[in-house]
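> got a predicted model here, sequence first, then my questions.
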Amino acid sequence: MFYIVLLFAAAALLSGGCRSANVNKHMKLLEIDNNIGFNLQSRQASRKFLTLMKKPNPMTVNPTGAPLELTCDAVGAPAPSVHWFKNDAPIYEHDLESNEVIDANPTSLARVTSTLLVPRTEGKVEYSCVVVAGSNTLRASTIVYSTNGSTDFAERSKLTPLAPRILVTYKVFVDSIGNNVVLPCRVKGHPRPKIAWRDNGGRPVGRDPRMKVLRSGELVISSLRWSDMGEFICHATNMFGSQLAKTFVYPARAE
């Protein structure tokens, strides 16, 4: 799939000014820097690429000792996955939702956002996000300094109220018509948040047998159709609050 052609032709393929404007707005989220854009002039390069749009600051000072949020935001083809590390060790003490490990179709393209909730730490700790898209890998690290005592945030969050926090989501997702796709909505909270999705028409997912919500929060869409184009909304709620995330889905015509 020639993604440069796809992205610039998206609006032209649609009828109706409002719908065209909506596509243009969301495709801008797939902004690519000049170097990547230059590399995409070749057909093969357009198939696989990866760039970081946002990464943690190289150094973070946390004098209060309060939990931090670290975020990595990336665009890639195929759709990127994000993995977090603490001092080069994979982070498993937090909920698995903090590590995005969805297998992506090789024809997919997406902008993914992944957030890590960092516990209070003592002294100096390095946190890294590793972003993978096909054979491409990028890494961004930050050193977190804290002057207060440590607290096990993962254990404490199981006992104290925590409003839902959506940790992993796609902002925009592109894939070929006919493919089975998975849209992430990884959530942390206590009590465990309930996750509900609405489709591109604002209807609760469940009426269409092609769509189902997994216990982990992902939305599975079988046999992607042109009519699936639009915003899908993940809504996470518990008794202490709610949060929603939107993913714009663009079904692309196969070559």
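Sure, I can see it.
> skip the chain neighbours and tell me the closest residue to Pro161.
Phe240 (4.7 Å; Cβ to Cβ, 6 or more residues apart in numbering). Quick note: C-beta positions are derived from backbone N, CA and C, even for glycine.
> wait, the one you found sits on Gly189?
Yes - the pair Phe240 / Gly189 is scored as a contact, 7.5 Å apart, by Cβ atoms under 8 Å.
> what's the overlap in contacts for these two?
Common neighbours of Phe240 and Gly189 (criterion: Cβ atoms under 8 Å, 6 or more residues apart in numbering): Leu162, Ala163.
> longest strand in this protein, by number of residues?
In the chain, taking DSSP state E as the definition, the longest strand is strand 162-176.
> pull up the pairing partners for that strand, direction included.
Neighbouring strands of strand 162-176 in its sheet, by DSSP bridges, are strand 109-118 (antiparallel), strand 185-190 (antiparallel), strand 241-252 (parallel).
> that older thread, and the residue nearest to Pro161, how far is that from Lys48?
From Phe240 across to Lys48, the span is 42 Å (Cβ to Cβ, to the nearest Å).
> ditto for Val125
Counting by Cβ to Cβ - Val125 and Lys48 are separated by 33 Å.
> try Asn180
In terms of Cβ to Cβ, Asn180 sits 20 Å off from Lys48.
> quick one, which of these two is more surrounded?
Neighbour comparison, Asn180 and Lys48: the larger count goes to Lys48, with 16 against 12 (by other Cβ atoms under 10 Å).
> which non-adjacent residue is nearest the more buried one?
Leaving aside its sequence neighbours, Lys48 sits nearest to Gly134 (Cβ to Cβ, 6+ apart; 4.7 Å).
> right, and the strands paired with strand 162-176 - which one's nearest Val82?
Ranking these by proximity to Val82 (Cβ to Cβ) places strand 109-118 first, at 3.6 Å.
> reformat the strands paired with strand 162-176 as JSON lines; add mean neighbour count, mean pLDDT and distance to Thr71.
Conversion of these to JSON lines gives the following (neighbours: other Cβ atoms under 10 Å; pLDDT from 0 to 100; distance: least, Cβ to Cβ, whole Å):
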{"stretch": "strand 109-118", "mean neighbour count": "24", "mean pLDDT": "92", "distance to Thr71": "5"}
{"stretch": "strand 185-190", "mean neighbour count": "24", "mean pLDDT": "91", "distance to Thr71": "13"}
{"stretch": "strand 241-252", "mean neighbour count": "19", "mean pLDDT": "96", "distance to Thr71": "13"}
